[in-house]
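Peer 1: Any chance you can model this:
(one chain, ligands or ions: 2)
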Amino acid sequence: MAVTIKSEREIELMRESCRLLAIVHKELEEYIRPGISTLDIDVKGDTLIRKLGCVPNFKDYNGYPASICVSVNDEVVHGIPTKKRILQEGDIVSLDAGLIYKGYHSDAARTHAVGQISPQAQKLIDVTMESFFAGVKMAKAGNHLFDISNAIDAYIRPHGYGIVRDLVGHGIGTSLHEDPQIPNFAQRRRGLKLQAGMTLAVEPMINMGRADVEWLDDNWTVVTEDGSLSAHYENTILITDGEPEILTLY
Ligand code: MF3
Ligand code: CO
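Peer 2: Ligands and ions are numbered 1, 2, ... in the order given. Now for the predicted structure:
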């Protein structure tokens, strides 16, 4: 599929879709505490998305069974919520959520601390978020796609963390996943030229240890191969002729 350029009307719909998703994330953040199950988070998120008049876009996507991806500790992304998995003090939990508003998709992820966590885990969460902003600083019309990838890589590298290579960011609009793919690690080429009206989901996934990941037998949950912690931070953004708009911030 080709990269789409959104019209002013479509951009308004993307803005609203993303604004509503930011509300969902805010409420989920406040809900996180030791003792709740990962399924509790899914139920909360699914209910809220529907109350806002939207549809959860992850539910049944290629057979994914839930509305919110909940990934704990060494789980990188796409963890499946269950009643049995109870959040414990000291865990870190990544929430990936998305919704459809009037046909337009939004997508964002946050990693949260459960109660008190180690300084090392907090650092991983912070640096992952900072790497997103370092990448997005390059996201403007006239720059190239891989300027984003290179900036994320350059930000992470001095910390010695593993940048996940098997999963990437993506274009987004009337589909959850549109072209282009957006790697979070350095590229040799420059990639396509960015144009105003592109909407992109930029989403670094960063491991405290090595970059390698594997899939659990559920065929969804991605975990770090070395068992190290992993963090995820994602927003849907709009390319403009000036500074990018980060549409899913609260
Ligand atoms: N946020 C994820 C992404 O960017 C989507 C989750 S995949 C799903 O690709 F199947 F769970 F929907
Ligand atoms: Co995404």
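Peer 1: Check whether stretch 33-44 comes near ligand 1.
Peer 2: No. Figure legend: stretch 33-44 not in contact with ligand 1 (Cβ under 6 Å from any ligand atom); closest approach 11.0 Å. Where C-beta positions appear, they are placed from N, C-alpha and C, glycine not excepted.
Peer 1: who's in contact with that stretch?
Peer 2: Here stretch 33-44 makes contact (Cβ atoms under 8 Å, 6 or more residues apart in numbering) with 27-28, 31-32, 66-68, 70, 72, 79, 81-89, 91, 93, 95, 114-115.
Peer 1: Stretch 216-226 too?
Peer 2: In contact with stretch 216-226 (Cβ under 8 Å, 6+ apart) are residues 64, 71, 74-80, 162, 164, 166-167, 207, 209-210, 212-215, 230.
Peer 1: just to revisit the earlier point, what about ligand 2: which of the contacts of stretch 33-44 touch it?
Peer 2: Contacts with ligand 2 within the contacts of stretch 33-44, counted by Cβ under 5 Å from the ion: none were found.
Peer 1: Are any of those buried, and if so which?
Peer 2: The neighbour-count test (16 or more other Cβ atoms under 10 Å) marks 28, 32, 66-68, 70, 72, 79, 81, 85, 87, 91, 93, 95, 114 as buried among the contacts of stretch 33-44.
Peer 1: In strands, which of these appear?
Peer 2: Counted as lying in strands by DSSP state E, out of the buried ones among the contacts of stretch 33-44, are Ile68, Val70, Val72, Val93, Leu95.
Peer 1: how near is the fourth one to ligand 1?
Peer 2: Computed as Cβ to the nearest ligand atom, to the nearest Å, the Val93 to ligand 1 distance reads 15 Å.
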